[in-house]
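Chemist: A structural model of the following input is requested.
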Amino acid sequence: MISIRTASQDDAIFISLLGRITFNETFGDLFKDNGDLPNYLNRTFSVSKIKKSLNNENNQFYLAFVDDLPVGYAKLKLNSASEFIDSKKISQLQKIYVLKDFLSMKIGHQLQSLLLDRAKVLGSKSIWLSVYKENERAIAFYKKNQFAEVGSHNFSIGSHDFIFSVMEKKF
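Modeler: Numbers count the residues shown, from 1 in each chain. Sure thing, here's the model as predicted:
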């Protein structure tokens with residue numbers, strides 16, 4: 001049985017671990033320098049950083065469970081401007097991470113629907129996201145859900161440079 005609930009401070013460990021595992025499952029093979037990935041994971045998904053992010057009033061985290069096992073999470077960032085979008089009332093779909101073994105259960109779609117609904121209810125005129133340009137599965141998923149590409153940007157992790165597409169969905 002799939003359930004989704006709002007995350008609390010007590011869930012920081014789950015979010016940290018899910019973030020590390022899912023990021024590594026998706027992008028781990030792209031890193032050639034052995035230190036870059038662990039350094040990024042330690043910085044980005046530390047429990048203390050997740051706790052701080054959970055305390056930010058503009059951040060909303062949701063955890064997905066299958067039979068009480070945490071298998072994914074999503075993060076909505078309210079009032080998150082983008083240089084590619086001319087709007088004052090905009091949110092960012094910042095993360096949807098689901099463990100690879102559970103992708104076929106459409107949990108990512110459920111998490112996305114929840115974030116889109118929350119953004120609309122809270123008055124956002126549109127929502128945007130940033131996705132790795134080579135992640136064809138994710139880009140197809142977002143396009144299928146009426147997101148359109150509106151720009152691109154570079155993102156560096158250690159010695160690795162990546163190009164990300166910025167996508168937007170208007171409400």
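Chemist: and the one helix or strand Ala12 maps to, what other elements does it pack with?
Modeler: Ala12 belongs to helix 12-27 when elements are defined using DSSP states H and E. Contacts defined by 3 or more CB pairs under 8 Å, 6 or more residues apart in numbering; DSSP states H and E place helix 12-27 against helix 36-44, helix 47-55, strand 59-66, strand 69-77, strand 90-98. Glycine gets a C-beta too; all of them are placed from N, C-alpha and C.
Chemist: Could you list the buried residues of that helix?
Modeler: 12, 14-16, 18-24, 26-27 (16 or more other CB atoms under 10 Å).
Chemist: of all the residues you listed, which comes closest to Gln146?
Modeler: Of all the buried residues of helix 12-27, Thr26 has the smallest distance to Gln146: 22.8 Å, by CB to CB.
Chemist: Next one: the residue most central in space within the chain, what pLDDT does it get?
Modeler: By CA atoms, centre = their mean, the chain has its centre lying nearest to Lys95, at 0.7 Å. In this model, Lys95 is scored at 95, pLDDT.
Chemist: For the helix holding Ala12, the averaged confidence score.
Modeler: 96.
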